[in-house]
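**Q** coords below, sequence missing:
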Ligand code: HEM
Ligand SMILES: [Cu+2]
Ligand SMILES: [Cu+2]
């Protein structure tokens, strides 16, 4: 509360002539305003997404036409990494690794959580800003530096880290085992360590803000589901990212100081190493203790955004608000005790494997509840098919398609034949690469007017959506077939084996075709985004007729969000089409009528 | 750099596009046309597309699956393989039903309830009974899946086989597999990574008499059909993954640790060639854990023989002891030669 008063004072204290006239640096660069920081996260995330997407196109070319020469490859990678236009195997793995790292961490963690937690937590909770604007600024700049280091790592002599985004030692620990484990790996570790600092600073801020800075009347039960999702996401991050940091530190010790945390009994290139007594499996436990919650860190914000956007555009309350809140909580909790499902094939005790199978399949229950609740929200709605709404419907579809195959991979017995095959690649791309990304797109289309005061172009949005979902499924559904034909992932070429060549190669052609078209389709979005920032139609204060507090702020961004007092909250966030009201929405600030039931009560 | 220049050009192209769009916009404004956020036509058009899209989605799931049915889940060639495949079919039946029902509902709702003129949404915030149903039904289905799945898992990974297995070590290193048979005593000789020098690729302790009859082969290894096999998996350098998809077998190899796998092949290579209608077919041992630049090509052939063929084959292989003797012989003569040459050089220099 202290902070709010302070912020309020701040607004009044601005001396008159300097009002709103901050210097360029403090306004656009070292800004401490959550709205500006959110845009910084978004634009940085988008740039990284473009980089990672281009990488995927490059290695998809190699997978579809292995060993063939492509001008575009030698163009981007030079003669060293693509001699005569043929991708070098080490660079193939470097590209896959950095593609995965960027997508998971920079795009879907920082770009998604960073953007929308920053934008919406203060606006929807009714706070003047984050609990600590300064730490918030630091969070962005740590993230920024980490992306810069990751990009630099692409240009070092021996190439970027290339042991996969999971960087399992000993491969990642021994520079003699592969070129990418040299300087590239060091930079990867430094970059990720900074990234973790950024995630922690951000996460702590989000948690404190949600707990302490809610406006009067905003009880936890009145929070929009977006905030619930960001809140639980932040808790997951704060509990699990430190474990990744320790995993990375120990790996650095092994690399630099010659300790043996992860290494034992190793001979590389005829050299007998001194390492003794460590275990590579320890790293995997530490990594996946973050790694599994991480996939929910990626997904929950997208689901939160979907809850909000679907309810708003169905003009109906979200069905089963409390069930949605509990589902988020249960998913968050369970996500900490399932990490072993990534390690069934490591020689882990089969009994422990059974326990992880059990907990993993349990997660399907709250996930199923969420899907059914989305469906029921659509049922008998009055759907406005805005681009944001289309992406949310797409999100539900891909969440189902990716979720069901999780039941295959989570079942230890079934994981035996499909572990580390393209089945896995198909599964996690549909969940993360489609569902979570769709959530991000939906968020951008929906809150663009709040961010930039203008509307994005709908027609371009529609073209973007339809091309993206068709190409997205076109890329990842056929990959299941490769997986069930047992084609291993992370192979530079599948043609070394007759069992994987033949007809199956056609699938790779189809996949690459859709990947290229899908990548080009993203240009529509990028164009729409940047064009609308400057030229979009001016937005009204509440363009989607939403109930939540962000739509009570003025279109022009001001410090402290609301010009006068912070509005008080009088009801839950989902009174859409409520009987007894003229309009089909009721702002959260409107008092309850006499005898009116709130929330789920009828 | 050249490439950065090109990126710059692309960037400029975008700016040009933005300018163009501005002109189009201005033209629109001149015509004085004001848009609603979402027009009725937009809703209709997108709603209709959802139905089309649903057909596309079902098409792209069903048609290629049908076209490639012979490539997926090829006939299991091990005793436990069939039980894994049955579990897979069961699971796919369950998730397939869930997939088609929920996707259909989703897209049909998206179509049916799109906003039309004068429609209003139905205020329906919750219903405990419905929510209870869709908590309980998935729970029951999942319980069945868990119980069935874990019983297969236990059977494959934990239950001790009835008969005594043939013990074979599979050794991995960048980028090669080596197999070692435990020999007539069916016991592997001990090893130490510190002994991995020159010809002793597996670091075997030659003072351990159990190693005398061990047989080391690379390139290809043979198994007798219908005999229980136990693999001991080791790695010299980084993680590798022993993957034998046709036997539905997979296990990582971990430096500093021995992992295990057991199974029983039930179809000989020859018979499998008939089943696959491919007379070049071979069972393979692949590497399925990223391990370096040639990871994609780290393989070894597996030949499943009849008992008699297997016995003939194994008789022809050299044991560790005899091989060591010949190798030692070679290195001895080599070193004699080398010292002779060195001496000669010395003398010349003088
Ligand atoms: C243009 C769309 C995309 C295509 C064509 C694509 C394709 C691929 C392919 C072929 C792989 C290599 C699989 C392997 O060999 O193991 C891969 C890896 C990966 N992708 Fe994507 N991807 C795309 C978008 C995304 C997105 C949006 C995400 C965000 C989550 C993502 C996350 C990953 C991850 C985490 C990996 C694993 C990297 C590793 O194994 O180290 N991808 N992608
Ligand atoms: Cu997981
Ligand atoms: Cu390998």
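**A** Received the coordinates, thanks. All values derive from a computational prediction rather than experimental measurement. Ligands and ions are numbered 1, 2, ... in the order given.
**Q** what are the ranges of the helices in chain B?
**A** B:2-30, B:40-67, B:81-112, B:128-153, B:269-276, B:307-316, B:320-349 (DSSP state H).
**Q** so what's the residue in chain A positioned nearest to ligand 3 up against?
**A** Going by Cβ to the ion, ligand 3 is nearest to residue A:171 of chain A, at 9.3 Å. Quick note: C-beta positions are derived from backbone N, CA and C, even for glycine. By Cβ atoms under 8 Å, 6 or more residues apart in numbering or on different chains, residue A:171 lies in contact with A:163, A:177-178, A:181, B:238-239, B:290-292.
**Q** Check for me that it belongs to a helix.
**A** No - with DSSP: H, G, I helix; E, B strand; the rest coil as the criterion, residue A:171 is coil rather than part of a helix.
**Q** how close does it get to residue B:297?
**A** 16 Å (Cβ to Cβ, to the nearest Å).
**Q** Same question for residue A:175.
**A** 22 Å.
**Q** cool, and residue A:333?
**A** 43 Å.
**Q** what does residue A:167 give?
**A** Residue A:167 sits 22 Å away from residue B:297, taking Cβ to Cβ as the criterion.
**Q** what do you get for residue A:315?
**A** On the measure of Cβ to Cβ, residue A:315 and residue B:297 end up 57 Å apart.
**Q** More neighbours: which of the two?
**A** residue A:315 (22 against 16; other Cβ atoms under 10 Å in any protein chain shown).
**Q** tell me the phi and psi of residue A:87?
**A** phi -60, psi 130 (degrees, to the nearest 10).
**Q** Excluding residues flanking it in the chain, which one is nearest it?
**A** Spatially, and ignoring its direct neighbours in sequence, residue A:87 is nearest to residue A:62 (4.4 Å; Cβ to Cβ, 6 or more residues apart in numbering or on different chains).
**Q** you'd agree the one you found is up against residue A:89?
**A** No - Residue A:62 is beyond contact range of residue A:89, at 9.2 Å (criterion: Cβ atoms under 8 Å).
**Q** Smallest gap between chain A and ligand 1, at which residue?
**A** residue A:100 (2.6 Å; Cβ to the nearest ligand atom).
**Q** Contacts only, for the closest residue to that residue other than its chain neighbours.
**A** Nearest residue to residue A:100 in three dimensions, chain neighbours excluded: residue A:165, at 3.4 Å (Cβ to Cβ, 6+ apart). Contacts for residue A:165 (Cβ under 8 Å, 6+ apart) come out as A:97, A:100-101, A:104.
**Q** Redo those residues as CSV? Include neighbour count, secondary structure and pLDDT.
**A** Listed next are the contacts of residue A:165 as CSV, based on neighbours: other Cβ atoms under 10 Å in any protein chain shown; DSSP: H, G, I helix; E, B strand; the rest coil; pLDDT from 0 to 100:
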residue, neighbour count, secondary structure, pLDDT
A:97, 27, helix, 96
A:100, 19, helix, 96
A:101, 25, helix, 96
A:104, 21, helix, 95
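**Q** which among the residues you listed gets closest to residue A:440?
**A** Proximity of the contacts of residue A:165 to residue A:440 (Cβ to Cβ) peaks at residue A:104, which lies at 12.9 Å.
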